[in-house]
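**Q** I'll drop the sequence and a predicted model, then ask my questions.
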Amino acid sequence: MSVFSAKRALGSVAAIAAAAIALSGCAAATPTYAKGDGVLKIGGILPTTGALAFLSPPMIAGADLAIQDINAAGGVLGKPVTWSLEDSSDGDHPEVAPAAAKKLLGEGVDAIVGAAASGVTRSIIDTITKAKVVEISPSNTAPDLSTWKDGGYYFRTAPSDLLQGGVVGNQIVQDGNSNVGIIYQQTAYGEGLEKKAAAVIEAAGAKVVDAEAFKEGETNFDTVVDKVIAAGADSVLVVSYDEVKKIIPALQKKQFDGSKIYLVDGNTVDFSDQSWKGYVAGAQGTIPGGKVDDAFKQRAADLYQKTYGKTLNDFTYLAESYDAVILLALAAEQAGSDSGEAIMNNMISVSTGGEKVSSFADGLAAIKAKKDIDYEGYSGPIEFDKNGDPTGASIGIYKYDATGKPALQNVVAGNSVK
């Protein structure tokens, strides 16, 4: 088994005690966890309304597909897993996510998938983790969440922006840009990414000529764009969510070269439905994760269409969402309990060391055969560290064509916590 961190000390002590009893000639014992009710209940807190709603379809599709695959394989502890989704909305509606967390905890969920945005997670993480319920986000990237005092109950399958910020910063400089402007959202997400990208850009010999912050949900970017262009920017990094659809037209109005725009995971989306779609030809963006299996994407799209009657056009964080749910299920199965404490104490173990498995069905079979497992999913090797971060991760670099659609150009692998 993998070595558990100090944050998982309770589970480690229980395991050591069990081993000691066995060695002393007494009957073998298993770690003792808070008792669950035998049914793994997973809740979701994802943005179905507000400015972030465009981010949720692939995450919801990933979770739905994972639940389907888990239950098709026999469920967890011999019973079907349940899934309840609640809205998180966005930073302009700060009351929504806490209410969703309270509702799900009242329903007795054992784990929660979400939130999508790091800033929204900040508003619910204490409530969830202090209730000894596991929280796992498929898309949180703020670096400060690595050391949050969560008692070991917080995890994420997306890498910290320490990796993405470095990748996009290096790409900008490698493309020959020397005077970079940054327009970023004034949130934990935006500030963390801007800080890392700016540091890498400067260290690589280029200059950040201007960095302009804006409030989440801002709609007028004329002044911000004017300042960045006036500073002499030959390229612009935009760190935002859906505000990008206002920022890009503002840059176009000033006749800024659209191919010199750089985006990140919060806004590297399909722009083919926008009137200015051709303007971004040559622009680039980064998204955590590498190339996602086409058959996997098709299964998710088919299920999403069948369930919601809608077409799934974007697959950002699809794999990370799917893997988050699978890991929760494997941890509960390995623990032999669906309690939050039991799941928490087994998350590192099922993602590191042991026999490599790439599906819930294979993991379930290995666990029943009393084998230690190492789940490697569609999002990558994962390998949770003591802070619940995936230490091995990849960042995809995408380029836009004349139709406004991004296509994967390259994948950069790295350590997400350095």
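**A** On my side now, so go ahead. These numbers were taken from a predicted model, which means no experiment stands behind them.
**Q** the helices in the chain, which residues?
**A** Counting by DSSP state H, the chain has helices at residues 9-23, 56-72, 96-106, 118-122, 125-130, 161-174, 188-203, 222-230, 244-253, 294-308, 318-335, 340-344, 347-351, 360-368.
**Q** now do the last one: distance to the chain's middle.
**A** Here the centre of mass of C-alpha atoms in helix 360-368, compared against the chain's by CA atoms, centre = their mean, to the nearest Å, lies 24 Å away.
**Q** go on, stretch 389-399?
**A** 11 Å.
**Q** try stretch 81-100
**A** 16 Å.
**Q** and stretch 348-356, what's buried?
**A** Using 16 or more other CB atoms under 10 Å as the test for burial, stretch 348-356 gives 348-352, 354. Any C-beta I mention is one placed from the backbone N, CA and C, and that applies to glycine too.
**Q** could you dump those residues to TSV with distance to Glu216 and pLDDT?
**A** TSV is the format used below for these (distance: CB to CB, whole Å; pLDDT from 0 to 100):
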residue	distance to Glu216	pLDDT
Ile348	33	98
Ser349	37	97
Val350	35	98
Ser351	32	97
Thr352	36	96
Gly354	42	95
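**Q** now, which of those residues sits nearest Tyr241?
**A** Nearest to Tyr241 among those is Ser351, at 28.6 Å by CB to CB.
**Q** my guess is the closest one contacts Ser379. True?
**A** No - Ser351 is beyond contact range of Ser379, at 11.2 Å (criterion: CB atoms under 8 Å).
**Q** list residues touching both of the two?
**A** Common neighbours of Ser351 and Ser379, using CB atoms under 8 Å, 6 or more residues apart in numbering, are Pro390.
**Q** give me the contacts around stretch 254-263.
**A** With CB under 8 Å, 6+ apart as the contact definition, stretch 254-263 has outside contacts at 168, 171-172, 177, 225-226, 229, 234-238, 244, 248, 251-252, 279-286.
**Q** so how far is Leu52 from Ala73?
**A** The spacing between Ala73 and Leu52, counted by CB to CB, to the nearest Å, is 32 Å.
**Q** okay, these two: which has more neighbours?
**A** A count of neighbours by other CB atoms under 10 Å puts Leu52 above the other of Ala73 and Leu52, at 27 against 16.
**Q** residue contacts, the more buried one?
**A** By CB under 8 Å, 6+ apart, Leu52 lies in contact with 88-90, 116-117, 120, 241-242.
**Q** hmm, 10 Å instead?
**A** By CB atoms under 10 Å, 6 or more residues apart in numbering, the contact list for Leu52 reads 46, 88-93, 115-117, 119-120, 139, 216-217, 241-242, 266.
**Q** low-confidence ranges in the stretch 1-150 of the chain?
**A** Within the stretch 1-150 of the chain, the stretches with pLDDT under 70 are 1-35.
**Q** go again using 50 as the cut-off
**A** 1-30 (pLDDT under 50).
**Q** contact partners for Ala233?
**A** 177, 179-183, 207-210, 225, 227, 251, 256, 260.
**Q** switch to 7 Å and redo it
**A** By CB atoms under 7 Å, 6 or more residues apart in numbering, the residues touching Ala233 are 179-181, 209-210.
**Q** and stretch 281-290, which residues are buried?
**A** Neighbour-count burial for stretch 281-290, counted by 16+ other CB under 10 Å, picks out 283-290.
**Q** can you pick out the most distant pair from those?
**A** Pairwise distances among the buried residues of stretch 281-290 were taken by CB to CB; the largest, 20.3 Å, belongs to Ala283 and Gly290.
**Q** count the residues that sit near Thr223.
**A** If we define neighbours as other CB under 10 Å, then Thr223 has 11 of them.
**Q** how much space between it and Asp242?
**A** Distance from Thr223 to Asp242, by CB to CB: 19 Å.
**Q** and the closest residue to Thr157 other than its chain neighbours, how far is that from Gly74?
**A** Using CB to CB, 6 or more residues apart in numbering and skipping residues adjacent in sequence, the residue nearest Thr157 is Glu320, 4.2 Å away. Distance, Glu320 to Gly74, using CB to CB: 24 Å.
**Q** more crowded one of these two?
**A** Per other CB under 10 Å, whichever of Glu320 and Gly74 has more neighbours is Glu320, with 31 against 16.
**Q** and the more buried one, what pLDDT?
**A** What the model reports for Glu320 is a pLDDT of 96.
**Q** contacting residues for it?
**A** Neighbour list for Glu320: 138-139, 157-158, 289, 379 [criterion: CB under 7 Å, 6+ apart].
**Q** with Ala324 instead?
**A** 113, 136, 138, 157.
**Q** top of those residues by number of neighbours, please.
**A** Neighbour counts for those, by other CB under 10 Å, peak at Thr157, which reaches 33 neighbours.
**Q** quick check, that residue in contact with Pro381.
**A** No - counting by CB atoms under 7 Å, Thr157 does not reach Pro381; the two are 11.0 Å apart.
**Q** count of neighbours near Ala335?
**A** Counted with other CB under 10 Å, the neighbours of Ala335 add up to 26.
**Q** the chain should start at 604 in everything you say after this.
**A** Right, with 604 as the first residue, what we last looked at is Ala938.
**Q** grab the nearest non-local neighbour of it.
**A** Among residues not flanking Ala938 along the chain, Ala945 sits closest, at 3.6 Å (CB to CB, 6+ apart).
**Q** roughly how far does the one you found sit from Tyr978?
**A** Counting by CB to CB, the gap from Ala945 to Tyr978 is 17 Å.
**Q** ditto for Thr744
**A** The gap separating Thr744 from Tyr978 is 21 Å, by CB to CB.
**Q** next: Phe963.
**A** With distances taken as CB to CB, Phe963 is found 8 Å from Tyr978.
**Q** re the thing from before, buried among the contacts of stretch 857-866? Need that as a selection in PyMOL.
**A** Of the contacts of stretch 857-866, the buried ones can be selected in PyMOL as follows, counting by 16+ other CB under 10 Å:
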select buried, resi 771+774+775+780+828+832+837+838+839+840+841+847+851+854+855+882+883+886+887+888+889
